[in-house]
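>>> no sequence on this one, just coordinates:
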């Protein structure tokens, strides 16, 4: 993808997950977690785009994201 | 004439075994005899109903011969031709009737050919013909006597199975009179809209519509406290703040204006103090944003033991469960709110994000000792100001990065997870890049400004919190200490991201660059395929059990 290196800082993501779980991670979990996050973000952006269009805005605004994020989070709750 | 008659006689004599003595008679008698022998010429309508070449159809009354050539091929005038007409008199068997009708329908152009006869060829006519034919032979059906119902299976009539004669035949209609019995399990029938006349002592309260007045949507208490954490004022009122000092107005809680005069004085004083003390602190290089620290030197001798309990009551912007670190965390928010409310430019809030924690380790220890010396009123007001959405206070400048102390601004914003661990959230640039690409792919304008990014970042943090909880739950359920890929896969299955058509790898192929994909694929491959599917399925079952 864009950017010469990897898509995301793996160490940072691992640290985030570790901090939120207090558990160890197996070797490549972070990739899957990032995949999940990417899907989430995609969904969020998509919904926000729809919401912003509905309210007549042209770009995705903070308001539209605030509007949809609860739903998106609920959708991605396990 | 006679010749022709003879010819005919000759021809017929082959088949019909015309009596030999007929030759002795006059031609007239011959003719008459012939007329008796030869069946009357059949109306073409009947032949048309048979709808086909006369010959050959005898063999297969069932099968319609559609090709005209077959009829031509059969020898004309063969021995079969003659008796056919007699045989054709009436198709009696249902098979034949059906076949005839079918053939009539299938013959191409049969309508055109027999255009004059179409009216007579209706199925009704066929049926009428049939009825005429059948009428001779059928008799009216006499309803035979109903045979006795066969006796019950004697195997059922075992002596010990006694169902007895006392079974009552079930009624097939609803007994309307019994419907209002108390023991009836049926619901009461709908009442008429006109109330029946009732005695005076009957309470008719329930007979009327029980609908209460509805609230406007804006006043609905369920909507009042919804998603925004900043609007969670219910907690504020529940825990410790005396309610008469605040009033609920719409979605916000305002302070009653009567107390404001004193408050303004306090603020003015505080402002002056703040201006001086911030510089002092900048010189000393301390890293803290606590107003109590500011006032430490001034009001430091007052001790208020109940202050921490108040601090617990204010919910933070990020949902932080109440733990040891929580109070300090809250202090940070409180500060932000206070500065916003008072219009002071603080130098201590390193980040521009409103919901990031200030907490650094040494700072926490330091300030936990001396959070005294604060006016209780002022404290309450500050708490309130922090919690009220800052957009309501138009005069307040945003607490941006500090104007002094450049070393502090370099500090990366760290957050504290619900479990009490510090972490840094994903770099904003990466999130922005990702979001931009998604927005582009989605078709809308791929512009994400600062505010939007901030919201996305906070949403990201929430997402990872939730994800962490879920992953912990899954791995602990499997009695593991390590979070493995299966956990994530189980999670994604529950999110319905992985379905039968959408495997984990197809998703990864879509979303991830190649090097990550390779790494992802490298590990599970050796033990993959057979075991993995089963395991996945098992896990999902287990999850469902868990709930």
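On my side now, so go ahead. Just so we're clear, the structure is a prediction, and the values are computed from it rather than from any experiment. Numbers count the residues shown, from 1 in each chain, chains lettered A, B, ... in the order given.

>>> right, and residue B:482 touches residue A:27 too?
No - contact criterion CB atoms under 8 Å: residue B:482 and residue A:27 do not qualify, at 9.7 Å. The C-beta positions use only the backbone N, C-alpha and C, and glycine is treated the same way.

>>> which residues in chain A form strands?
A:24-25 (DSSP state E).

>>> point me to the residue of it nearest chain B.
At 2.8 Å from chain B, residue A:20 is the closest residue in chain A, using CB to the nearest CB.

>>> low-confidence ranges in the stretch 351-500 of chain B?
B:351-412 (pLDDT under 70).

>>> what residues are up against the closest residue to chain A within it?
At 2.8 Å from chain A, residue B:468 is the closest residue in the stretch 351-500 of chain B, using CB to the nearest CB. Counting by CB atoms under 8 Å, 6 or more residues apart in numbering or on different chains, residue B:468 touches A:17, A:19, A:20, A:21, B:417, B:419.

>>> make CSV from the residues you listed and add neighbour count and distance to residue A:67 to it.
As requested, the contacts of residue B:468 are arranged in CSV below (neighbours: other CB atoms under 10 Å in any protein chain shown; distance: CB to CB, whole Å):
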residue, neighbour count, distance to residue A:67
A:17, 25, 27
A:19, 22, 28
A:20, 23, 25
A:21, 25, 29
B:417, 24, 26
B:419, 19, 29
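
>>> list phi and psi for residue B:481.
Per-residue torsions, residue B:481: phi -100, psi -10 (degrees, to the nearest 10).

>>> count the neighbours of it for me.
Residue B:481 has 8 neighbours, counted by other CB atoms under 10 Å in any protein chain shown.

>>> so residue B:132 sits in a helix?
Yes - with DSSP: H, G, I helix; E, B strand; the rest coil as the criterion, residue B:132 is assigned to a helix.

>>> from residue B:435, how far out is the residue most central in space within chain A?
For chain A, residue A:41 is the residue whose C-alpha lies nearest the centre (CA atoms, centre = their mean; 3.4 Å). The spacing between residue A:41 and residue B:435, counted by CB to CB, to the nearest Å, is 6 Å.

>>> between these two, what contacts are shared?
residue B:456.

>>> what about residue B:439, neighbour count?
Using other CB under 10 Å: residue B:439 sits among 23 other residues.

>>> ok, residue B:445 - contacts?
Here residue B:445 is in contact with A:58, A:59, A:60, B:439 (CB under 8 Å, 6+ apart).

>>> ranking those residues by neighbours, who comes first?
residue A:60 leads those on contacts (other CB under 10 Å) with 33 neighbours.

>>> need the contact list for that residue.
Counting by CB under 8 Å, 6+ apart, residue A:60 has contacts A:45, A:48, A:49, A:52, B:439, B:444, B:445, B:447, B:448, B:452.

>>> change it to 7 Å
Applying CB atoms under 7 Å, 6 or more residues apart in numbering or on different chains, we find residue A:60 in contact with A:45, A:48, A:49, A:52, B:439, B:444, B:448, B:452.

>>> can you add distance to residue B:517 and give those residues back as JSON lines?
Formatted as JSON lines, the contacts of residue A:60 follow (distance: CB to CB, whole Å):
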{"residue": "A:45", "distance to residue B:517": "22"}
{"residue": "A:48", "distance to residue B:517": "27"}
{"residue": "A:49", "distance to residue B:517": "27"}
{"residue": "A:52", "distance to residue B:517": "32"}
{"residue": "B:439", "distance to residue B:517": "23"}
{"residue": "B:444", "distance to residue B:517": "27"}
{"residue": "B:448", "distance to residue B:517": "26"}
{"residue": "B:452", "distance to residue B:517": "29"}
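
>>> list the buried ones in stretch B:445-462?
Residues of stretch B:445-462 classed as buried under the neighbour-count rule (16 or more other CB atoms under 10 Å in any protein chain shown) are B:446, B:448, B:452-462.

>>> now these in JSON lines, with secondary structure?
What follows is the buried residues of stretch B:445-462, written out as JSON lines (three-state DSSP):
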{"residue": "B:446", "secondary structure": "coil"}
{"residue": "B:448", "secondary structure": "coil"}
{"residue": "B:452", "secondary structure": "helix"}
{"residue": "B:453", "secondary structure": "helix"}
{"residue": "B:454", "secondary structure": "helix"}
{"residue": "B:455", "secondary structure": "helix"}
{"residue": "B:456", "secondary structure": "helix"}
{"residue": "B:457", "secondary structure": "helix"}
{"residue": "B:458", "secondary structure": "helix"}
{"residue": "B:459", "secondary structure": "helix"}
{"residue": "B:460", "secondary structure": "helix"}
{"residue": "B:461", "secondary structure": "helix"}
{"residue": "B:462", "secondary structure": "helix"}
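
>>> please tell me I have it right and residue B:126 contacts residue B:101.
Yes - Residue B:126 is within contact range of residue B:101, at 6.5 Å (criterion: CB atoms under 7 Å).

>>> so what does residue B:483 have for phi and psi?
phi -80, psi 120.

>>> ok, it - contacts?
By CB under 7 Å, 6+ apart, the residues touching residue B:483 are A:21, A:23, A:24, A:25, A:26, A:29, B:471, B:475.

>>> and those, which is closest to residue B:91?
If you rank the contacts of residue B:483 by distance to residue B:91 using CB to CB, residue B:471 comes first, at 80.4 Å.

>>> quickly find the element holding the closest one.
Using DSSP states H and E, residue B:471 sits in helix B:450-477.

>>> ranges for the strands of the stretch 401-547 of chain B?
B:415-416, B:422-423, B:482-483 (DSSP state E, counting those that start in this stretch).

>>> same for the longest helix along chain A, what does it pack against?
In chain A, with assignment by DSSP state H, the single longest helix is helix A:29-54. Here helix A:29-54 touches helix A:10-21, helix A:62-75, helix B:428-442, helix B:450-477, helix B:485-494, helix B:504-511, helix B:514-522, going by 3 or more CB pairs under 7 Å, 6 or more residues apart in numbering or on different chains; DSSP states H and E.

>>> the fourth one vs helix A:29-54, what angle?
Using axes from the mean of the first three to the mean of the last three CA atoms, to 10 degrees, the interaxial angle of helix B:450-477 with respect to helix A:29-54 works out to 140 degrees.

>>> the inter-axis angle of helix B:450-477 versus helix A:10-21?
Angle of helix B:450-477 versus helix A:10-21, following the same axes, to 10 degrees, is 60 degrees.

>>> okay, now the unreliable bits of the stretch 51-200 of chain B?
Within the stretch 51-200 of chain B, the segments meeting pLDDT under 70 span B:51-90, B:108-121, B:146-166, B:170-200.

>>> with chain A instead?
Residue ranges of chain A with pLDDT under 70: A:1-6.

>>> try it again with 80
A:1-7, A:78 (pLDDT under 80).

>>> before we move on, back to that, residue contacts, the residue nearest to the centre of chain A?
Residue A:41 sits in contact with B:434, B:435, B:438, where contact means CB under 7 Å, 6+ apart.

>>> in which helix or strand would I find the residue in the stretch 1-150 of chain B positioned nearest to chain A?
Minimum separation of the stretch 1-150 of chain B from chain A (CB to the nearest CB) falls at residue B:105, amounting to 57.3 Å. Assigning secondary structure by DSSP H and E places residue B:105 in helix B:94-106.
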